[in-house]
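J.: sequence and predicted structure are below.
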Amino acid sequence: MWNHSNGKQYSTSIYELEVYKEFNIENIEILNKYDVISTGETFQLETKISPDVAAHKKLAYTSSDENILQVDETGKVTAIAAGKATITVMAKDNPEIKTQKTIRVVDGPIKALEFRFDATDINLSTRDTRFLEYTVYPENAVNKDVAVTWTSSNPEVAALNKMEK
């Protein structure tokens, strides 16, 4: 206890804290969004572990086919040959906690494979209009500006207007 110049008495305390419970990894998430890459490419797997306060955060990485896709102990992925392989990321202290990502490897540049629309079913009243938006898949395709031809399976019900950019 000590006396302050204002005439009041103050005290200090020291507390020792002890950790009673260590938290284990409950979930692993792969954050990389690309699932198509070219042979010879490499990238680092980005992961998110939950809970953030997990005591043991060490991960192990495996590939379902090392002839197509290799992954090292740090999560660096290398595309070896065309094909598909699945990368598994698991908690080292509990291999049952894991996540997977299937990656397609292609020879040469990555080309647009499909268009993904912002909506699959649209309900319109007579004379209503709606702009359709789409994204090119995969997002890392080199030909994202590919020409798109729009058609309607039933022009009597749903007609298309050409919009100029």
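T.: Happy to help now that I have it.

J.: C-alpha only now, for contacts and for neighbours.
T.: OK.

J.: below-threshold pLDDT in the chain: ranges please.
T.: 1, 19-20, 162-165 (pLDDT under 70).

J.: how about a cut-off of 80?
T.: 1-4, 10-21, 110-122, 124, 127, 130-132, 134-150, 158-165 (pLDDT under 80).

J.: ok, the residue most central in space within it - contacts?
T.: For the chain, the residue nearest the mean C-alpha position is residue 31 (3.2 Å; Cα atoms, centre = their mean). Neighbour list for residue 31: 45, 46, 47, 48 [criterion: Cα atoms under 8 Å, 6 or more residues apart in numbering].

J.: now render the residues you listed as a markdown table, adding distance to residue 150.
T.: Formatted as a markdown table, these follow (distance: Cα to Cα, whole Å):
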| residue | distance to residue 150 |
| --- | --- |
| 45 | 37 |
| 46 | 37 |
| 47 | 38 |
| 48 | 40 |
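
J.: buried ones among those residues?
T.: Buried members of these, counted by 16 or more other Cα atoms under 10 Å: residue 45.

J.: please parse this structure into its domains.
T.: 27-106, 109-164 (the TED database).

J.: need the winner for burial among these.
T.: Compared across these, domain 27-106 shows the largest average neighbour count, a mean of 17 (mean count of other Cα atoms under 10 Å).

J.: what is the end-to-end distance of it?
T.: 30 Å (Cα to Cα, to the nearest Å).
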